[in-house]
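>>> Generate coordinates for the sequence data below:
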Amino acid sequence: AMCWSERSEAIPSDTSTGLEAGLSALLCYVFGWISGLVFYLVEQSSMYVRFHAVQSMIVSGILFLLYIVCIIIDSIIRAIVVASGGFWYVYFFTLIAFVIGITVAIFCMIKAYLGAATGTLMMLPGIGGLAYKFSYGGEGPQVTSE
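Residues are numbered from 1 along each chain as shown. As a prediction, the model looks like this:
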């Protein structure tokens, strides 16, 4: 079962950056919220790219918060290990959060690039509707995931 939703969309290939829509959408995820913000501010003609820019900013913000929480958890566990005479602890939860973040980013890059060619808008659960609202306007599509 998919945990994201997809919507068929007419995606114009022209962008105000001069790059192909799929490549621009992919680049929105490369540096997280920073590249998302850059494309959101620069891209004026492609709502597809603006959608991925907003989704990138939201998902990277959530992943950043997850990463901070994991660092705090790992720091507490390390303090307990050191206090009980141990001297070595791998920041396990932080490492897991990092791997999850990289995996989500790569997944989003692939879906954003391929979606431009196939006319498919990939929307992450909970995030996609909000990103749609800020990029396309309106309440967003009513999509059911498979």
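>>> how about the residue sitting furthest away from the middle of the chain, secondary structure?
Distance from the centre of the chain peaks at G85, with 40.4 Å (Cα atoms, centre = their mean). Recorded secondary structure, G85: coil (DSSP: H, G, I helix; E, B strand; the rest coil).
>>> quick one: pLDDT of it?
G85 carries a pLDDT value of 82.
>>> same check, this time on G18
Per-residue pLDDT puts G18 at 89.
>>> Quick one: the helices in this structure, in order.
With helices called from DSSP state H, the chain shows them at 21-27, 33-42, 47-83, 92-118, 128-135.
>>> just these: most buried one?
helix 21-27 (a mean of 23; mean count of other Cβ atoms under 10 Å). From N, CA and C alone the C-beta is placed, and that goes for glycine too.
>>> pLDDT (mean, whole number) over that one?
Here the average pLDDT along helix 21-27 is 95.
>>> Could you list every helix and strand in contact with it?
When contacts are defined as 3 or more Cβ pairs under 8 Å, 6 or more residues apart in numbering; DSSP states H and E, helix 21-27 packs onto helix 33-42, helix 47-83, helix 92-118.
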